[in-house]
Every structure is written in structure tokens, then in C-alpha cells.
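Please work out how this folds:
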Amino acid sequence: MSAPAPAELDAPSEAASRERRAVMLAIAGINLLFLAVDLAVYGPGNLPVWGGRLGVSAALLGLWHATGRGHPAGRLRLHLAAWLVGCTATFALIAVGAGGLAGPYLAFYPLLPMVAAIMVPDEPVPLLLAGAVTLGVTTLATASLPPGPRAFWAVAAASALFYAVMGAALYRRMRRRERASAAAREAALAGLARSEQQRAQADRLASIGRLASGVAHEINNPLAFVSTNLAFVEEELRERQPGEAALLEALAESRGGVERIKRIVQDLRGFARGASSTGPTDVGGALDEALRLASWRLGPVARVERRVAPGLPHVLASRAELVQVLVNLLVNAADAVEEARRGLGTVEVTAGPAERAVRLAARELGAPYRYGGSSPSGFDCSGLVTYIYGQLGIQLPHNAAAQYAYGRAVDLSHLEPGDLVFFHGLGHVGLYIGRGRIIHAPQTGERVEIQSLASREGSIEGARRVV
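Numbering: from 1, shown residues only. Model prediction:
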């Protein structure tokens, strides 16, 4: 069975409810009525009786006040324990002052934990402490009895304590299950609402896709005429007016613009068709298509820097879905640049083997440290980096300080997975893997591990991006 969530464990006690606090006030009022009776029966000279009555009422009012302060669960539990113990201790004065075994109150005294459970139904620990007081006082008050009756009193007090504590524990468990069920219902309803929103969004996107496909088809036909006619005019002009260089240049630019529109229309039609089959996909080609589709949004607000490593292998993916993801990212980037309102921004688009470097490094977790090592049988810090990037076809020297001369400098606030982070005067290097962590080979006697940058913050010298 799974453990309850922290929020469930810290839920406020039922004792803080309006109904339970009303019971506390009612019992305090009844106790004051009994004070009048006790004064009439025992007289004002019996200090333990009327003093105990006032003490019980004060403890009940303290309990009522503490449950209305909005204390955290742990602190409220301490208050409940203190005031319940106070109630049972001061009631012991009443029982003893009224004559002990000869008086009317000692017979009621062992039942106090069950009365307390009416006010505090879901806190076993405070009830256990209060019951321990009633059990101890009952045992002392009946010490003069023969063993049989004395055992009867002890069993009665222990039984009342057991019933109160077990009832509170079962009630607490039931409340936990109720809260868990309520949380599950809320989560299910929230998930259903999200699913409904996603379905509605998918329907809208499907409608937009069909509309875009139709519009693209309608544009494509007249565009073909325009492109053909421009080519015809350019060819005729070259034959009849070869000296019109400016006019020919304008026609060439127009044809280039038309060809760009044709590529965008083709990309739009492919994008509107939805998911395609999964297969080897050229990341660079998908990126170029996404850039063309998002150019309407990026152009006015940002300059795009495209860096795609040569020779990138194809990835197994749906080209249409990959393009859709990239378009979403590019449009979001344009929105962020526009919201910053700092003039023309820059959007860097990079495709390289850095992510693969992280995956390769993760495979070597647990490999032993070996000075001068650069293989899975043992690595030192720079040997691990050399080995990882060597598998990507990038040759780096087996020396941390020498590796610092490769790539370009990166600010620590802009680290990306695959970047190299250097420490201790360029005497140590690790591979950044994201979320403020690196993989590195620490030192002799240790193994390749993941470590947070925060734990080495004071020794960081800088970072470099190799790809």
C-alpha cells in the first residue's frame, strides 16, 4: 500500500472543526454547573474539588482556543496533548477531593479518555498521554483495595484507554482514505478537463489543417502560372532586350520570391496533412522546413542563427510531427522575444551530438577512477570527456587544461547538456547533463558519478561548448 501524501499527513485535526469546538464549550459549561453542585455538597472549604473544577474548565477553554488558532498539524498536536493531560490531571483533584473510592467521581474518572475522544476523535497520541494519566491515578487511588478489585479498576481504566486510542486511530485512517478519495476524484476531474481541452484543441487544429491544405492547394495553382509566366518573360527579355540588366535582375528576384512562396506552400500542405509514418528523418531538413513555416512570426522580432552539425545521422521519427514540434518551439521563442521588448532579438537553433554525449556518459556511471584512463575499464576526468566525444567523432586532448582551449566559452547561466565545466584552475572537468548537474570521474578510489554544480560552486573556473 502506498504511503499517504505529505499534504494528507499534515491535514488539520478534526478537533479544529466547528462542531468539535462547540462540544468543548458545552463540556466546559457543564463542568461549571457541576461546580455549583460541588460547592453545595462539599462546601467552599474543599479546595481540591472547586479548584479542580476551575482547572478542568480552564483546560477545556485552552483546548478550545488552541484549536481555533490555525496551528500546523504538528504544533496543534502538542497543544492537544498538553490541554488533555491538564484536563485529566485537574479532574484527578476533584476525584480525590470528593473522597476517592468513597466519592462519586472516581468511578467516572477512568472513562475520561473516551470523553476526550468525543472532542479529539482523530489524534491517538494526545489521547494516549491523557489516558496514561487516568490509568496511573486510578492505580494509585485503588492501591488500598484487595488484588481482585484493584485489578478490576486497572482493567477498566486500561480498556477505556484502549478503546479511545484505537477509535482515534481507526477514525484517522478513515479520514485519510476519504481525503485520498477526494483528491483522486479531483485529479480525475482535472485530467478529464485537460483531456477535453486537448480534444477540443485537436479538433480545432484538424479544422485549421484542412483549411490550410485547401488554401495551399488554391494558392499553388495560380502560383504555378505566375512562376511559368515570369520565366517566359525573363527568357523573352534576354533574347529581345539583353541590355536591360536592371529589369532582368528584378525579374530574377521576383522568380526567387515566387519559388520561396512555392516552398512555403508545399511545406504548409505537408504540415497540414498531419502525422506521417515514422522513419529515418533528416533533422536539418525538418529544421529548415520549420524555419520557413515560422518565418512569418520570427522575421519581425528576431534574427535566427542556425547551426547544424555536418553529417548528423538521421533520426527515427515522424517528419510531420518533428516539424510541428519545431514550429511550436520557434513560435514560442518569438513570443518570448517580443514580450521582452528589447528590440530585435536572437534565436539560436542548434542541432548537434551534445545530447548523445550525455547518453553515452550516462552509460559509464559506476566505472572506476583510474589516473590516465580513458576507457570503460577506468577513467580520469579528462579521459572520460575524451572517450565520450571520441565516440562522436570529435577528438579532444586527454588533458583538462588543453580541453579548455576547444569550442567557445559559455556563461554558467546558459549551460546546455553536453557542455564541459572546468574546476580547480582547469585541473578538473565534468560533462554538464542539465538541471545543475554534471557527470565526472572524481578521484582515486571513487567511481564515475553524477554531482550537483552547487556542491562545487566555489571551484568553477568556466565552461566551454564543444559542439
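
and the residue sitting furthest away from the middle of the chain, how far is that from residue 165?
Taking Cα atoms, centre = their mean, the residue of the chain most remote from its mean C-alpha position is residue 240, at 72.1 Å. Distance from residue 240 to residue 165, counting by Cβ to Cβ, to the nearest Å: 107 Å. Glycine gets a C-beta too; all of them are placed from N, C-alpha and C.

In contact with the residue farthest from the centre of the chain: list those residues for me.
For residue 240, no residue meets the contact criterion (Cβ atoms under 8 Å, 6 or more residues apart in numbering).

how much space between it and residue 233?
With Cβ to Cβ as the criterion, residue 240 and residue 233 are 11 Å apart.

again, but for residue 196
Counting by Cβ to Cβ - residue 196 and residue 233 are separated by 55 Å.

Of these two, give the one with the bigger neighbour count.
residue 233 (15 against 10; other Cβ atoms under 10 Å).

pull the CA atoms of stretch 355-368 into CSV?
C-alpha atoms of stretch 355-368 as CSV (Å, rounded to 0.1, in the frame of the first residue of the first chain):
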residue,chain,number,x,y,z
GLU,A,355,22.5,15.1,-26.2
ARG,A,356,24.1,11.9,-27.4
ALA,A,357,27.2,12.8,-25.4
VAL,A,358,25.1,12.9,-22.3
ARG,A,359,23.6,9.5,-23.1
LEU,A,360,27.0,8.0,-23.7
ALA,A,361,28.3,9.4,-20.5
ALA,A,362,25.4,8.0,-18.5
ARG,A,363,26.4,4.5,-19.6
GLU,A,364,29.7,4.9,-17.8
LEU,A,365,28.2,5.7,-14.4
GLY,A,366,29.9,3.5,-11.9
ALA,A,367,33.1,3.0,-13.9
PRO,A,368,36.2,3.1,-11.6
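
Tell me which residues of that stretch come out buried.
356, 357, 358, 360, 361, 364, 367 (16 or more other Cβ atoms under 10 Å).

Just checking the distance from it to the centre of its chain.
In terms of Cα atoms, centre = their mean, to the nearest Å, the centre of stretch 355-368 is set 26 Å apart from its chain centre.

Check what pLDDT residue 24 gets.
Note on residue 24: pLDDT of 94.

so it makes contact with residue 64?
Yes. Residue 24 is within contact range of residue 64, at 4.3 Å (criterion: Cβ atoms under 8 Å).

what about those two, which has more around it?
When residue 24 and residue 64 are compared on other Cβ under 10 Å, the one with more neighbours turns out to be residue 24, at 24 against 20.

mind checking which helix or strand that one is in?
Using DSSP states H and E, residue 24 maps to helix 18-42.

And that helix, what's buried?
Quick answer for helix 18-42 (16+ other Cβ under 10 Å): 20, 21, 23, 24, 27, 28, 31, 34, 35, 38, 42.

quick one on the thing from earlier: need the buried residues of stretch 355-368 in a markdown table with pLDDT, can you?
Shown next, in a markdown table, are the buried residues of stretch 355-368 (pLDDT from 0 to 100):
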| residue | pLDDT |
| --- | --- |
| 356 | 78 |
| 357 | 86 |
| 358 | 86 |
| 360 | 87 |
| 361 | 90 |
| 364 | 91 |
| 367 | 93 |
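
Reformat those residues as JSON lines; add secondary structure and distance to residue 458.
Listed next are the buried residues of stretch 355-368 as JSON lines, based on DSSP: H, G, I helix; E, B strand; the rest coil; distance: Cβ to Cβ, whole Å:
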{"residue": "356", "secondary structure": "helix", "distance to residue 458": "31"}
{"residue": "357", "secondary structure": "helix", "distance to residue 458": "26"}
{"residue": "358", "secondary structure": "helix", "distance to residue 458": "25"}
{"residue": "360", "secondary structure": "helix", "distance to residue 458": "29"}
{"residue": "361", "secondary structure": "helix", "distance to residue 458": "24"}
{"residue": "364", "secondary structure": "coil", "distance to residue 458": "27"}
{"residue": "367", "secondary structure": "coil", "distance to residue 458": "27"}
